[in-house]
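*Asks:* attaching a predicted model along with its sequence, questions to come.
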Amino acid sequence: RYEGSGFTQAALRGAQYLGANQIEDIITNTVEAMKPAPSFSYVYVNHLDAAGHDEGVGSEKWLFALSTVSELITGLRNRLPKGTRLWVTADHGMINVGEKLILGQDNKLMENVTLVGGEPRARHMYLREGAIAETVAMWREILGDKVDVFSRDEVIAAELFGPQVSLDSSERMGDLIAIAKGEMILVDPARIKEESKMVGHHGGVGCDSFCRAGQRPRARFADVFLGARQIVLCLGRVDGQSLALAGHCLGPGGVLPLKRLEYWGRRPVCRGRCGCRRRGLVGWQRDRSMDRAGHHVGRHLGRHDVV
């Protein structure tokens, strides 16, 4: 379905494309692709994203999709060739919509706008020449603390796109960038039906984007429990309870007596009895811990609860 799409060709051209919809087929294709050495495979599943858009984060459909992701991770962990390094990541968070604001409807937010870009939670607005400062000020006055509003120069200075921004990237950015907070979306007046019908929308920049809707983690952002045969991603804490991948509570601190990583923001932190609180440790291989770049950083097993 997506093999010939513009996005696939732009981001993944030159690679062999193996399409599959069922989890078992995805696992089988990945295992076969990783048999030659060296090999690199990128595996994308949209089950959870689609379920969130259709019925919302925390819905029965979303929880079922989450269990399929767990099934995929476990299947890959058990069947990938020995020595394969498996990374699990997500390209965005998601929230359930609480407030919809249609740009230009009973407001002046479409004044000076020549083109609407981005998406409902992160808008890139392209403005007529000479109107940037005026329009940024107007958006801030109208939207207040519900939306973070930046000019292109301000968003680059804030490093929201990283410490270094290429000329190509800066030229594609909007003159005004608006990042919605809470449960608000900013609807393109030319796409009201398409954007308003979705229950879940992509996240913003806060912790709420990464946590299950309506549930704020206490102290910890997320835990990753690494067992001998499986990976369980813990998505947050509610009233002291760890939430497992399928949304089930595991008990205070988790009930699995396994080594644990605790994430604060985007950086994993060692929380072992060693007290080092070292950042950047993400796993281990052959009894040595590895940092985020995959480099060995010494022998920590035995001295750390967490590596």
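*Replies:* Arrived safely, thanks for sending.
*Asks:* do I have it right that residue 150 meets residue 175?
*Replies:* No - in this structure residue 150 lies outside contact range of residue 175 using CB atoms under 8 Å: 10.1 Å. (Each C-beta comes from the backbone N, C-alpha and C, glycine too.)
*Asks:* how about residue 1: what's its closest non-neighbour residue?
*Replies:* residue 19 (7.0 Å; CB to CB, 6 or more residues apart in numbering).
*Asks:* neighbours of the one you found, how many?
*Replies:* Taking other CB atoms under 10 Å as the neighbour definition, residue 19 ends up with a count of 10.
*Asks:* same check, this time on residue 93
*Replies:* Applying other CB under 10 Å, we find 20 other residues in the vicinity of residue 93.
*Asks:* equivalent analysis for residue 36, please.
*Replies:* Counted with other CB under 10 Å, the burial measure for residue 36 works out to 8 neighbours.
*Asks:* could you check how far it is from residue 44?
*Replies:* Using CB to CB, to the nearest Å, we find residue 36 at a distance of 21 Å from residue 44.
*Asks:* same check, this time on residue 13
*Replies:* Computed as CB to CB, the residue 13 to residue 44 distance reads 15 Å.
*Asks:* cool, and residue 2?
*Replies:* 9 Å.
*Asks:* more neighbours: the two, which one.
*Replies:* Ranked by neighbour count (other CB under 10 Å), residue 2 and residue 44 place residue 2 first, with 13 against 10.
*Asks:* quick check: phi and psi at the more buried one.
*Replies:* Backbone torsions for residue 2, taken as degrees, to the nearest 10, come to phi -100, psi 0.
*Asks:* that one: what's it in contact with?
*Replies:* Applying CB atoms under 8 Å, 6 or more residues apart in numbering, we find residue 2 in contact with 8, 19.
*Asks:* check what pLDDT it gets.
*Replies:* Reading off the per-residue confidence, residue 2 sits at a pLDDT of 79.
*Asks:* tally of neighbours for the closest residue to residue 47 other than its chain neighbours?
*Replies:* In space, and not counting its chain neighbours, residue 47 is closest to residue 65: 4.2 Å by CB to CB, 6+ apart. Using other CB under 10 Å as the criterion, residue 65 is surrounded by 21 other residues.
*Asks:* can you confirm the residue nearest to residue 1 is in a helix?
*Replies:* No - counting by DSSP: H, G, I helix; E, B strand; the rest coil, residue 19 is not found in a helix; it is coil.
*Asks:* is it true that it touches residue 4?
*Replies:* No - using CB under 8 Å, residue 19 makes no contact with residue 4, being 10.8 Å away.
*Asks:* residue 5 and residue 13, how far apart?
*Replies:* For residue 5, the distance to residue 13 equals 11 Å [CB to CB].
*Asks:* and these two? which has more neighbours close in?
*Replies:* Of the pair residue 5 and residue 13, residue 5 is the one with more neighbours under other CB under 10 Å, namely 11 against 8.
*Asks:* hang on, residue 7 in a helix?
*Replies:* Yes - assigned with three-state DSSP, residue 7 falls within a helix.
*Asks:* how near is it to residue 148?
*Replies:* 26 Å.
*Asks:* the more surrounded of these two?
*Replies:* Between residue 7 and residue 148, residue 148 has the larger neighbour count (other CB under 10 Å), namely 20 against 8.
*Asks:* was I right to think the more buried one contacts residue 182?
*Replies:* No - under the criterion of CB under 8 Å, residue 148 makes no contact with residue 182, lying 11.2 Å away.
*Asks:* pLDDT weak spots in the stretch 201-307 of the chain?
*Replies:* Per-residue confidence for the stretch 201-307 of the chain (pLDDT under 70) gives these ranges: 206-307.
*Asks:* run the last query once more with 80
*Replies:* Applying pLDDT under 80 to the stretch 201-307 of the chain flags the ranges 203-307.
*Asks:* ok, now the stretch 1-150 of the chain?
*Replies:* The model of the stretch 1-150 of the chain has pLDDT under 80 over residues 1-2.
*Asks:* and the strands in it?
*Replies:* Secondary structure of the stretch 1-150 of the chain (DSSP state E, counting those that start in this stretch): strands located at 94-96, 99-102, 113-119, 122-127, 147-151.
*Asks:* contacting residues around residue 115?
*Replies:* Under the criterion of CB under 8 Å, 6+ apart, the neighbours of residue 115 are 125-126.
*Asks:* identify the bridge partners of it.
*Replies:* Here residue 115 shows beta-bridge partners residue 126, assigned using DSSP bridges.
*Asks:* quick check: buried residues in stretch 41-61?
*Replies:* Of all the residues in stretch 41-61, those buried under the rule 16 or more other CB atoms under 10 Å are 41, 43, 47-49, 51-53, 55-59, 61.
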